[in-house]
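Novice: Please find the sequence and the predicted model below.
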Amino acid sequence: MKRTRFFALFLSLCILLTACGSAAPTDDGIFNRAEADMNSAALDQMEMPFETSAAFAPEELKSESAIDATVLSNRKLIKTVQIEAETEEYDALVAALEEKLTALGGYTESRQTGTFGKTRRWSNMTLRIPVENLPAFVAHVTEEANVLSTSEETQDVTLQYSDTEAKLAALKTEQARLMELLAAANNLSEILEIEARLSDVTYELERYESQKRGYDNRINYATVHLSLEEVAVLTPVEEPTVWTRIRDGFTESLQGVGDGLVDLFVYLIAGSPYIAVTGAVLALVILLARKQSRKAQKEKQSAPSENP
């Protein structure tokens, strides 16, 4: 009889656990769709004032593929290129690069120059180029110089940029409201309190506007770090060896493992409520099972003493 009650209790807990699990995907799906809609709306609004958010009415929503294309086109990317090159015609190359840089709408942000010994010159330059003209400039350097190595890094700052815009909009709204309250204030204490808050809001506005201008500059203008060296004989550019390809492949694999661990961490954090409920139910089942087992052992041990 006792075993029957225990198994009935265990069966009830399993049914409860199954019900929680079956309900989870529905809630999670709703959450994911809501989060995706919010992210899409935020990314689509990055280039327009907050007052136009009403344009995203349900009847005007695009197809899913069109929305994905819009989100990708509105991503805020910062591009940085590293180029190591050499030349036998140092002065002519520098002049050609400066001319091309100006023609493409770029500028020199910084430059360091020096010499190896008495004749060989070198230069480390940081150049800023409109991002749409970056491929043309890199191709020009490749044609004019002996490029030893090239690498490109892309940093996605879409979320940071969107967050900055949202804070700016909120601060502007608060600033306008404070101006209205200041105009309607009747006593000195209220005026001083409002002016103090208004000063803080103005400071925060200037800080976030400066941050947004910095993002805009780095997004619209790619950064090229060019290391140029004068040589008597050009270095032969060799094809990647087998070991180099193995090393690069191993590095990419490590990066993939790191990305996978990050995704796993995010999944565990997002699913922690369900994990906690499941763990609690399992712990209760184990506790009851152990308690029932100990009780059964005690009854078995006491049985001989009751029947001499």
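Specialist: Here it is on my side, so go on. Numbers count the residues shown, from 1 in each chain.
Novice: Met179: what's it in contact with?
Specialist: Leu198 (Cβ atoms under 8 Å, 6 or more residues apart in numbering). From N, CA and C alone the C-beta is placed, and that goes for glycine too.
Novice: one more time with 10 Å
Specialist: 194, 198, 201 (Cβ atoms under 10 Å, 6 or more residues apart in numbering).
Novice: State the helix or strand in which it lies.
Specialist: Here Met179 sits within helix 158-184, counting by DSSP states H and E.
Novice: and that helix, which residues are buried?
Specialist: Neighbour-count burial for helix 158-184 flags 158, 161-162, 164-165, 167-169, 171-172, 174, 178 (criterion: 16 or more other Cβ atoms under 10 Å).
Novice: Just the closest of the contacts of Met179 to Thr87, please.
Specialist: Relative to Thr87, the closest of those is Val201; by Cβ to Cβ it sits at 53.9 Å.
Novice: Against Leu254, how distant is the closest one?
Specialist: 46 Å (Cβ to Cβ, to the nearest Å).
Novice: Specify which residue of those two has the higher count of neighbours.
Specialist: Val201 (20 against 10; other Cβ atoms under 10 Å).
Novice: other SSEs contacting the helix or strand where the more buried one lies?
Specialist: Remark: Val201 resides in helix 188-220, with elements defined by DSSP H and E. Contacts defined by 3 or more Cβ pairs under 10 Å, 6 or more residues apart in numbering; DSSP states H and E place helix 188-220 against strand 77-87, strand 120-130, helix 158-184.
Novice: got the ones you listed as TSV, with distance to Ile275 and mean pLDDT columns?
Specialist: Shown next, in TSV, are the helices and strands packed on helix 188-220 (distance: least, Cβ to Cβ, whole Å; pLDDT from 0 to 100):
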stretch	distance to Ile275	mean pLDDT
strand 77-87	35	96
strand 120-130	48	95
helix 158-184	26	95
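Novice: could you dump these to CSV with distance to Arg207?
Specialist: CSV is the format used below for those (distance: least, Cβ to Cβ, whole Å):
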stretch, distance to Arg207
strand 77-87, 20
strand 120-130, 23
helix 158-184, 9
